[in-house]
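Trainee: let's see this in three dimensions:
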Amino acid sequence: MSVEKIIGKIQADAASRAAAVEREAAAEAEAIRRREREAAENEYARMVEGGRREARATADRILSAAAVDARRRIGEERSAIVQECLDAARARFPEIVASPAYPALLLRLIGDGIRHLAEAEAVILVHPRDLPLARSIAASIPGTAAEVVPAADGSISSGGAIIRSRNGKREVNQTFEVRLQRERPTLIAEVSRILFDRP
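Mentor: This is a model prediction of the structure:
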């Protein structure tokens with residue numbers, strides 16, 4: 001074999017080997033690019049999902065805070081409406097005192113107060129306008145010696161009575177104002193049920 005043929009064969013083998021190396025390098029480079037692209041896509045997907053989770057968590061926090069705020073505002077509005085109802089009831093105290101039903105109501109308030117006091121002798125304090133009616137009521141309650149006096153200190157501004165023991169140590173306040181305050185939790189629950197509960 002001649003030198004030219006040997007050189008040609010070496011060149012052909014070198015070219016073939018170079019082409020094979022280039023193909024392997026290109027394939028390896030493509031594999032590396034594919035792995036890097038997949039890694040980048042996975043990282044991107046992970047970051048997007050993390051962003052979605054964070055966005056969902058932020059949205060949930062905002063919605064939860066809004067729901068709490070809405071419940072608080074609704075509660076405040078309901079309380080204001082209930083208070084308006086109680087204020088309207090308080091405004092009607094003079095009408096009740098002037099009504100034909102007031103004597104029976106005062107009888108019940110005084111009778112309940114005397115029973116609750118559980119003393120044979122009592123002092124009944126009433127608004128000065130109620131003196132004659134309260135004296136008549138006291139006289140009609142059997143087994144009770146009650147002195148009826150005006151509440152001069154203004155402690156009874158509307159209706160009802162205060163029943164005290166003779167020694168002044170015990171007292172049952174049956175005035176409209178105090179009864180309204182005492183019954184306030186029950187009244188609030190009842191007014192709320194009537195106004196806000198749906199059948």
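
Trainee: for residue 113, what are its contacts?
Mentor: Applying CB atoms under 8 Å, 6 or more residues apart in numbering to residue 113 gives the contacts 124, 161-163, 172, 174. For every residue, glycine as well, the C-beta is placed using N, CA and C.

Trainee: can you tell me the closest non-neighbouring residue to it?
Mentor: residue 163 (3.6 Å; CB to CB, 6 or more residues apart in numbering).

Trainee: burial of the one you found, as a residue count?
Mentor: 28 (other CB atoms under 10 Å).

Trainee: quick one, phi/psi of residue 162?
Mentor: Note on residue 162: backbone dihedrals following degrees, to the nearest 10 are phi -120, psi 130.

Trainee: what pLDDT does the model give it?
Mentor: For residue 162, the model assigns a pLDDT of 93.

Trainee: next: residue 165.
Mentor: Residue 165 is assigned 89 on the pLDDT scale.

Trainee: show me which of the contacts of residue 113 is closest to residue 74.
Mentor: Of all the contacts of residue 113, residue 174 has the smallest distance to residue 74: 35.3 Å, by CB to CB.

Trainee: who's in contact with the closest one?
Mentor: 109-110, 112-113, 160-163.

Trainee: looking at the contacts of residue 113, which are in strands?
Mentor: 124, 161-163, 172 (DSSP state E).

Trainee: pick the one among the residues you listed closest to residue 42.
Mentor: Each of the ones in strands among the contacts of residue 113 was checked against residue 42 using CB to CB; the closest is residue 172, at 79.4 Å.

Trainee: identify the residue nearest that closest one in space, chain neighbours excluded?
Mentor: Nearest non-adjacent residue to residue 172, counting by CB to CB, 6+ apart: residue 113, 4.1 Å away.

Trainee: state the distance from the one you found to residue 150.
Mentor: From residue 113 across to residue 150, the span is 17 Å (CB to CB, to the nearest Å).

Trainee: show me the contact partners of the helix or strand containing residue 148.
Mentor: Assessed by DSSP states H and E, residue 148 sits inside strand 145-150. Residues from elsewhere that reach strand 145-150 (CB under 8 Å, 6+ apart): 114, 120-128, 131, 134-135, 138, 163.
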